[in-house]
Every structure is written in structure tokens, then in C-alpha cells.
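Undergrad: what follows is a predicted structure for the sequence shown.
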Amino acid sequence: MIGKLSGIVDSCFDDHTIIDVNGVGYRVYCSAKTLHKLISGEFCQLFIETHVREDHIKLYGFSSMEEKDYFNLLLSVNGIGTRMALAILSHMLPSQIGISISQKDKEAFRAVSGVGLKLAEHIIIELKDKIVNNLGIHRGDLVHNYKIPEIISDAVSALANLGVNKVEAQKSVESIFAKNQTISIDELIKLALKTRGRDV
């Protein structure tokens, strides 16, 4: 059973990457947030969840153990498969998922494509105790420990003032910031607008 892969990023695609480990290429399915951190030709390390079925073996990779833990928790919810779990992790950070569950924020999950009201309710109901029992997290600590970097919140506010949907702005800004955490707020806003086909 593979638990971790360390190697060179060979290539990245919409939902997976190929990691070259000593000449062997492993196809690893990842969330968009993890994929955005990978750069072709550079070294990476991914925590792996291996799924073995009668007709296939698939590897799912995560940039942190926290992301892997939440992937498995999401899979425990009735109606959520691997694709949906990755879709949620592509849209939300693990800490954001924990906060949304703690605060019973159904709308946060409904912002994910494919998640309706019933599934959002299932996520909250089925995971409200598991995030405490399985991960050893106290509900109060979730909100206290998760702090959005000021540059992200400022950039999202600026984009919203320019007429950009706040959810889209948040996703775009977080994606850009994950690649370059020394970026200036002006450049961050410009890049976010360019991803929507707009410039300033």
C-alpha cells in the first residue's frame, strides 16, 4: 500500500498529475488546490490514499495530511464518492470545511458544483461529531485557528467591488496566492481579473 510519493512532477492535467519516481510514472488524482501547487519538472511530495477495486487501482494525492484526513471523512458521507470529495476539496480548504460544518453553513457546501441542499445537510449532520472525534479538533479551535491572510480578504473585497462574484473571486485569489505567497495585492487583483478575461 502506497502512503507517500516523493518525486518529480512530470505533467499536470485537469484532475490528476504524473509523478516520476525513479523513472516510474504514477498517475495521482488530486484536488485543484493541490494541483495548483505542483510545477512540472520540480520535486514534490504527496501523501497518498490508495483505492483498490476489482477493475482498477487509483492513487489520490494530497499536499497535507489534513487534506487527506478530510478526503476520507468526506468519503464517509452517504452520497459522496471520490470525485465529489475532490471537488469539495478543490473549492474549500480543509479548515474551511471544518468551520462550515461547525457553523452548520449549508450554503458554503452548496457553492460547490454538484452539491445540493440535501447533500449539504448530510455533510453537516454526518460529520459534525467526526471532525471532533476523528481529527481531535474542538469546534471553537476551528474558527480560532483558521485565519484568511489579509491580502486574500482585501483582494476578494476589491474584486467584489469591481462586480466579480465573491465565490469566484475567492477561488481565483486563493489559487493565485497558493502559487506565489509573496505577490503584491495589485498584481493579485490583476491576475484574478485576467483569469476571467478582464484586465485593468
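TA: Right, received. Where do you want to start? Residues are numbered from 1 along each chain as shown.
Undergrad: flag the shaky bits of this structure, pLDDT-wise.
TA: By pLDDT under 70, the low-scoring segments of the chain are 132-149, 181, 196-200.
Undergrad: for it, which segments count as helices?
TA: Ranges of helices in the chain, per DSSP state H, are 32-35, 65-75, 82-91, 94-102, 106-110, 117-127, 130-133, 139-145, 150-161, 166-179, 185-194.
Undergrad: let me know the angle separating the third one from helix 117-127.
TA: Taking axes from the mean of the first three to the mean of the last three CA atoms, to 10 degrees, one finds that helix 82-91 is oriented at 90 degrees with respect to helix 117-127.
Undergrad: how is the chain divided into domains?
TA: 4-62, 66-145, 150-194 (automatic domain parsing).
Undergrad: and those domains as a markdown table, adding mean neighbour count?
TA: In this view, the C-beta of every residue, glycine as well, is placed from N, C-alpha and C. As requested, these are exported to a markdown table (neighbours: other CB atoms under 10 Å):
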| stretch | mean neighbour count |
| --- | --- |
| domain 4-62 | 16 |
| domain 66-145 | 17 |
| domain 150-194 | 17 |
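Undergrad: closest one to residue 10 among the helices of the chain?
TA: Among the helices of the chain, the nearest to residue 10 by CB to CB is helix 32-35 (13.1 Å).
Undergrad: which other residues reach that closest one?
TA: The contact list for helix 32-35 (CB atoms under 8 Å, 6 or more residues apart in numbering) reads 12, 15-17, 46, 61-63, 67, 89-91, 93, 174-175, 178.
Undergrad: and for stretch 176-190?
TA: So stretch 176-190 is in contact with 33, 36-37, 149, 151-152, 154-155, 158-159, 173, 191-192, 195, 199-200, going by CB under 8 Å, 6+ apart.
Undergrad: which one among those gets closest to residue 22?
TA: Among those, residue 37 lies closest to residue 22 (CB to CB), at 22.0 Å.
Undergrad: pretty sure that closest one contacts residue 63?
TA: Yes. In this structure, residue 37 is within contact of residue 63 by CB atoms under 8 Å, at 5.5 Å.
Undergrad: residue contacts, the nearest residue to residue 71 once chain neighbours are set aside?
TA: Leaving aside its chain neighbours, residue 71 sits nearest to residue 85 (5.2 Å; criterion: CB to CB, 6 or more residues apart in numbering). Counting by CB under 8 Å, 6+ apart, residue 85 touches 71, 74, 75.
Undergrad: just put the helices of the chain in CSV and tack on distance to residue 42.
TA: Shown next, in CSV, are those (distance: least, CB to CB, whole Å):
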stretch, distance to residue 42
helix 32-35, 13
helix 65-75, 19
helix 82-91, 21
helix 94-102, 23
helix 106-110, 32
helix 117-127, 34
helix 130-133, 33
helix 139-145, 29
helix 150-161, 24
helix 166-179, 12
helix 185-194, 20
